[in-house]
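Enquirer: quick one: sequence and predicted model below, then my questions.
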Amino acid sequence: MEEGVSMIPGLSRVRVLRSWGGVMDMSMDGSPIISHTPIGNLYLNCGWCYGGFKATPASGWCFAHLIARDEPHPVARFLRLDRFQRGYAIDERGAGPQPNLH
Ligand SMILES: Cc1cc2nc3c(=O)[nH]c(=O)nc-3n(C[C@H](O)[C@H](O)[C@H](O)COP(=O)(O)OP(=O)(O)OC[C@H]3O[C@@H](n4cnc5c(N)ncnc54)[C@H](O)[C@@H]3O)c2cc1C
């Protein structure tokens, strides 16, 4: 509200009943990361942007597969961390979040 009022003073008269906030773990292409890392036995499941709650069953399934077999689940095979290093960002053609807008 403080930031909003600094931009739009009229907001100070708005009666806010409820608000929430938190950190959005945005990835640079708006798609999540389910991946092994260069550090042995360190796996990542992050970068879910706005969709981490609703994706939990599928992401958990794919993450368990990755950890148990040390190879990506076929559904999550493109969600590797090193895609940023290799220049293979995932293009969801506007269907996903747009981190460049934040
Ligand atoms: C306001 C808001 C609304 C959202 N609404 C939706 C929605 O409607 N639907 C939806 O699907 N998703 C929504 N999301 C996104 C969803 O909340 C996230 O994608 C999801 O919570 C990510 O889960 P996570 O386990 O990867 O990370 P997190 O839930 O962020 O968990 C990370 C945990 O690591 C802990 N941690 C951090 N650093 C350390 C450290 N150094 N040592 C130990 N622990 C540490 C943190 O305390 C935290 O508990 C929303 C997010 C926000 C902020």
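Expert: Structure received. Numbering: from 1, shown residues only.
Enquirer: quick one: mean pLDDT for the helix or strand residue 84 falls within?
Expert: Secondary structure here is read from DSSP states H and E; on that basis residue 84 sits in helix 83-86. When pLDDT is averaged along helix 83-86, the result is 93.
Enquirer: bridging residues for the nearest residue to residue 70 once chain neighbours are set aside?
Expert: Nearest residue to residue 70 in three dimensions, chain neighbours excluded: residue 36, at 6.8 Å (CB to CB, 6 or more residues apart in numbering). Heads up, the C-betas are built off the backbone N, CA and C, glycines and all. The bridge-partner assignment for residue 36, based on DSSP bridges, gives residue 43.
Enquirer: make 10 the first number, not 1, from now on.
Expert: From this message on, residue numbering opens at 10, which makes the last subject residue 45.
Enquirer: for the closest residue to the ligand within the chain, give its distance to residue 102.
Expert: Nearest residue of the chain to the ligand (CB to the nearest ligand atom) works out as residue 61 at 1.9 Å. The gap separating residue 61 from residue 102 is 21 Å, by CB to CB, to the nearest Å.
Enquirer: check residue 75 too.
Expert: From residue 75 to residue 102 the distance is 26 Å (CB to CB).
Enquirer: before we move on, what about residue 49?
Expert: Distance, residue 49 to residue 102, using CB to CB: 36 Å.
Enquirer: same deal with residue 39?
Expert: In this structure, residue 39 lies at 11 Å from residue 102, with CB to CB as the measure.
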